[in-house]
Structure formats: C-alpha cells, structure tokens
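J.: below is the sequence, then the predicted model.
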Amino acid sequence: MSDHACSGLLTETGLRSLLSSPPAPLEWIILEAVAEVKLKRYRVGIEPGNYQRGRAFGNACEIRWEQDTDGFHTVLLGDVPEPPAALASNVVELPASHFTRRDGGYFLWGEWSHNDRRWLEASIPHVFDYATPAGGGKWRIKLRTKEYVNLNNGETTFYRFVGLTDPLPESQW
C-alpha cells in the first residue's frame, strides 16, 4: 500500500470534519495564532477558525492547514489508503518504487531546568509546556519526522511530522 499526499481548499466545517474523523489516529497537534503557539496532545473538538495554521499528526499521517480569506489550504500526507473526498482532486501517490522513506527529527526549542522545574529557552525568552523528564541532568525533546526521498534525484520531496520522543538525556543528543 502506498502513502499519498492529498491537498485542497476546505471550509472550516470541512476541516473540522476531517480533524474529527481522521483517516488514521492522530497523537499531537500544533496550533498557531498571532499571539500564541500551542503544542499538545491531539483531541477531537479543535476549532480551526481560531488559528491561522496548524498540524495534527500521528505515526501514520499528518494533516496540515493554513487559513486565508478563501478557506483552509489543507494537506493530508501519509498512509492514507483512500483519500477523503474533499481532498481527492489533488492526490500524489508515493510508492516505494519512487520514494524511499527516511526517519528524521528536529530538537524542539527549550532545555529542561531542574532549578525552575520547567522547559526554558534563553535565546527566545519563553517557557514551554512539554512532558516532565525523569531524573537529573540536561534534557531535550525531539520532533520525529518521516521524509519521502525521491529515488531519481535523491531529494526530499515531502516530509511529515510523526510524533515526539520522550525527554532525551544529554547523552542521547
């Protein structure tokens, strides 16, 4: 079974429906508004109209969107056997014969402070709300990704978020 990349312009109701009944389980969500960015566990009932953009993701797929005056530009990427009807007009199949999948990741902002008992980032004075690590020392969290590398040219053509690591001790950075 191939992964797919699907895109389209959805209404707020259409996006809410897709987020309420995703094609695969979603675990995390990133929501962006003018004055805030939230990273938290996914739950049904998100009001996408309250945010300019967002990404809901799990191990099998990611739904990302950006709002403009016409609606929500939406991309669904991953293990989606049957693209939703609302996104079926623009579908790219990502077969293993054309794309290799590569696991990747990026460290999130912030380092655990045992003195303050919270995640801090000095370069952009901010406190983050991530999971609390077990034990002493320095800790960080990594955003896990899946990259789709084109076998013809070696370039990463698509990527999606798949999850977060548990807090990692300094020895695993």
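T.: Ah, there it is. Residues are numbered from 1 along each chain as shown.

J.: use CA for all of it now, contacts and neighbours both
T.: Will do.

J.: name the SS class of the residue located most distally from the centre of the chain, please.
T.: Using C-alpha atoms, centre = their mean, the residue of the chain lying farthest from its centre is N115. It sits 30.4 Å away. Following DSSP: H, G, I helix; E, B strand; the rest coil, N115 is assigned to coil.

J.: what do you get for S89?
T.: Here S89 is recorded as coil under three-state DSSP.

J.: start the count at 4, not 1, going forward
T.: Done: numbering now begins at 4, and the last item shifts to S92.

J.: surely it meets G11?
T.: Yes: taking contacts as C-alpha atoms under 8 Å, S92 lies within contact range of G11: 7.4 Å.

J.: what number of residues lie near E150?
T.: Neighbour count of E150, defined by other C-alpha atoms under 10 Å: 19.

J.: please name the bridge partners of it.
T.: R105, Y162 (DSSP bridges).

J.: pretty sure it sits against G107.
T.: Yes: with contacts counted by C-alpha under 8 Å, E150 reaches G107, the gap being 6.9 Å.

J.: so which helix or strand takes in L18?
T.: Counting by DSSP states H and E, the element that carries L18 is helix 15-23.

J.: that helix: which residues count as buried?
T.: 18-19, 21-22 (16 or more other C-alpha atoms under 10 Å).
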